[in-house]
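>>> mind looking at a prediction? Sequence and model below.
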Amino acid sequence: MWNPILDVFDECGVRFALEVHPTEIAFDPITTKRALDAVGNRPAFGVNLDPSHLQWQMVDPVRFALEFPDRIYHVT
């Protein structure tokens, strides 16, 4: 379902940053990798890094940032 949306984003030069959050499709490193794999690791799909959300889930935000440095498109 994401690929048609990402096609339009590519045409417009837009990159999408998914909020890594408990209510989203990616909420930790494992599900973030799954989400990236599901869209074929397309450059138009990245993440918004909000360390406070990760800390609530007991995910180290520094380790997360080191694991996905090229996919962090926004930091809150």
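Perfect, I can see it now. Note that the structure is predicted; figures quoted are calculated from it, not measured.

>>> what bridges to the residue nearest to the spatial centre of the chain?
Centre of the chain computed as the mean C-alpha position; nearest residue by C-alpha atoms, centre = their mean is V47, 2.6 Å away. On the basis of DSSP bridges, V47 is bridged to L18, I72.

>>> so how far is L66 from it?
Distance of V47 to L66, computed by C-beta to C-beta, to the nearest Å: 13 Å. Heads up, the C-betas are built off the backbone N, CA and C, glycines and all.

>>> could you do C12 as well?
C12 is 30 Å from L66, by C-beta to C-beta.

>>> which residues in this protein form strands?
16-19, 45-49, 72-75 (DSSP state E).

>>> now for this protein, the helix or strand with the poorest mean pLDDT.
helix 51-56 (a mean of 91; mean pLDDT, DSSP states H and E).

>>> put the alpha carbons of that helix into CSV.
What follows is helix 51-56, C-alpha atoms only, in CSV (Å, rounded to 0.1, in the frame of the first residue of the first chain):
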residue,chain,number,x,y,z
PRO,A,51,13.9,9.9,21.8
SER,A,52,11.1,10.3,24.4
HIS,A,53,8.9,7.8,22.6
LEU,A,54,11.7,5.3,22.5
GLN,A,55,12.6,5.7,26.1
TRP,A,56,9.1,4.9,27.2
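
>>> now for it, which elements pack on it?
Applying 3 or more C-beta pairs under 8 Å, 6 or more residues apart in numbering; DSSP states H and E, we find helix 51-56 packed against helix 61-67.

>>> quick check: mean pLDDT across the helix it packs on?
What helix 61-67 shows for mean pLDDT is 97.
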